[in-house]
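In: prediction below, plus the sequence it came from.
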Amino acid sequence: MNKFFSFRNNILMVAILGMALTACDSNNGGEVPPPDEAGKYSAILCVGSWPNTAYYIADVPSLTEGTISLQGNGAEMTGKVYAQDVIQKDGFYYHANFGSGRFGKYHVENGALVTDKEVPFTYLNWSSYAWIDDQTLVIFGTGESEGRYAIVKVADMSVTTGKLNLEAIPKGFNDYNIGFAEYRANKLYVGYGFASSDWTLYPNMPVYQKFNVAVIGYPAMSVESTISDTRTTTPGGPIVYAPSSFIDENNDIYFISDPVSGYDYKSPSAVYRIKSGSTTLDPTYYFDFSSKVNNEMGAAMWYIGNGKAIVRTRTAGQSIDSDHFYSVIDVKTGTFIKKLDLPADKGERMVQAVIVEDGKAYIAVNAADKDYIWEYNPTTDKLTHGAEFVGGIDYILRLEKTK
């Protein structure tokens, strides 16, 4: 199918897809019980070619065996939820549609996508998020050339909004580019850079050779300090599509930069660390990931335990949607371990492709011929193909653990 466009290029398309969205509330504001889904896993799948596309949430009975299709197993989400920019937690799906002006909470029941509650929402165009606890979600994005946030109490979908006091936008740019977000010890860490909406310059968009990380006190939501670095740009994101950071067993934050997603084709993709108890970059740590993979870029990153992470790696070239492969790195030592022997994943940066369970990683691969979920065991360094997607599915956009 045709490649999807980048998040920042598609506000108009989001609005078009969201026009079918109507306000409804199946719960009248009360707390919704956990959804009764058939299995522990789900997948968001796409059928068709742009603009004639349809999106579904399918139950995944097993990661390791059998087949997955939409035959009798697909809750259509087209018109309610735009493609893959969703947040899933405990079987509920959350989506902020800036174009239609609605923020919604949904679940799958009896083969249909059920709207638990939708509320008016036009304050920000979302990019990233962090969970404070199981009932409190903080989302980050932009609006009117401002960095903005919204605190959502997901039980009743009540929303509190505000502006972030970020570094002023420099000359030649007119917006923020929001990256990764993590919550640790009453502080939110939010990466950002600067963006331009002058598409007459594409593909030679302006690049500001620096990224920032705002250290934000919660719940006051005041920016207490700013971390900066000039060795690369675009500190991950938008993570509503795929993660670019994590917190490990030592409470250390790791994040990876993805300069190409900010139209920077010269800076390296690099991994950084913010140690537990610190609000600055670890001065002893800098892992130039691109130098280990022929100047290719890290488009997403998942922690799999014991110091190891999987990086979704974009092949070299001036395209966000070039083919991807998967690499394994040791984040503690800042070393490259290997490229996984998987089929090339056909384009599209915005894929939540990895589930980690019982010390193993399960990776959904959009291959040229057959689409499998692959099991990677880091202890034995073994790859095994598991469940297969069949039946005319054009793209696996998200693989989720729902229970």
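Out: Ah, there it is. Numbering: from 1, shown residues only.

In: now do stretch 54-66: everything it contacts.
Out: 37-39, 41-48, 68-70, 73-78, 81, 83-84, 93, 108, 113, 355, 357, 362, 373, 375, 384, 386-388, 397, 399 (C-beta atoms under 8 Å, 6 or more residues apart in numbering). In short, each C-beta sits where N, CA and C put it, glycine included.

In: what residue is smack in the middle of this structure?
Out: residue 242 (2.3 Å; C-alpha atoms, centre = their mean).

In: returning to that earlier point: return a PyMOL selection command for the buried portion of the contacts of stretch 54-66.
Out: Applying 16 or more other C-beta atoms under 10 Å to the contacts of stretch 54-66, the buried members can be selected in PyMOL as follows:
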select buried, resi 37+41+42+43+44+45+46+47+68+70+73+74+75+76+77+78+81+83+84+93+108+113+355+362+373+375+386+387+397+399
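
In: what about the contacts of stretch 54-66, which are in helices?
Out: Applying DSSP state H to the contacts of stretch 54-66, no entry is found in helices.

In: can you give me the helices for the stretch 1-150 of the chain?
Out: Listed in chain order, the helices of the stretch 1-150 of the chain (DSSP state H, counting those that start in this stretch) span 11-18.

In: pull up the pairing partners for the helix or strand containing residue 313, direction included.
Out: Element membership of residue 313, judged by DSSP states H and E, is strand 308-314. In the sheet, strand 308-314 lines up against strand 297-305 (antiparallel), strand 324-330 (antiparallel) (DSSP bridges).

In: average pLDDT across that strand?
Out: The average of the pLDDT scores along strand 308-314 is 95.

In: pull out the buried residues from it.
Out: Neighbour counts over strand 308-314 (16+ other C-beta under 10 Å) mark 308-314 as buried.

In: do stretch 89-103 as well
Out: Buried residues in stretch 89-103, counting neighbours by 16+ other C-beta under 10 Å, are found at 91-103.

In: same deal with stretch 385-394?
Out: For stretch 385-394, by 16+ other C-beta under 10 Å, it's 386-387, 389, 393-394.

In: got the contact list for that stretch?
Out: Here stretch 385-394 makes contact (C-beta under 8 Å, 6+ apart) with 1, 43, 45-49, 53, 60-71, 362, 364, 370-375, 396.

In: the strands in the stretch 51-200 of the chain, which residues?
Out: For the stretch 51-200 of the chain, applying DSSP state E, counting those that start in this stretch gives strands covering 52-60, 67-68, 75-76, 87-89, 92-97, 102-109, 112-120, 125-133, 136-143, 146-153, 158-163, 175-184, 187-195.

In: correction: the previous question concerned the stretch 301-403 of the chain.
Out: Read by DSSP E, counting those that start in this stretch, the stretch 301-403 of the chain holds these strands, from start to end of the chain: 308-314, 324-330, 335-339, 354-357, 360-365, 371-377, 382-389, 395-401.

In: residue 212 is nearest to which of those strands?
Out: strand 308-314 (22.4 Å; C-beta to C-beta).

In: contacting residues around that closest one?
Out: Here strand 308-314 makes contact (C-beta under 8 Å, 6+ apart) with 242, 246, 254, 256, 258, 260, 289, 293, 296-304, 320, 322-331, 337, 339-340, 345, 349, 351, 353-354, 361, 363, 376, 378.

In: now it - C-alpha only, CSV.
Out: Taking Å, rounded to 0.1, in the frame of the first residue of the first chain, the C-alpha atoms of strand 308-314 are listed here in CSV:
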residue,chain,number,x,y,z
LYS,A,308,19.2,-4.5,26.2
ALA,A,309,16.9,-2.6,23.8
ILE,A,310,15.5,-3.1,20.3
VAL,A,311,15.8,-0.2,17.9
ARG,A,312,13.6,0.1,14.8
THR,A,313,16.2,1.4,12.3
ARG,A,314,15.5,3.4,9.2
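
In: residue 373 and residue 390, how far apart?
Out: Note on residue 373: its distance to residue 390, by C-beta to C-beta, to the nearest Å, is 12 Å.

In: so what's residue 131 up against?
Out: Contacts for residue 131 (C-beta under 8 Å, 6+ apart) come out as 89, 137-138, 183.

In: list just the nearest of the residues you listed to residue 152.
Out: Distances from residue 152 to the contacts of residue 131, taken by C-beta to C-beta, are shortest for residue 137, at 4.5 Å.

In: brilliant, that's me finished.
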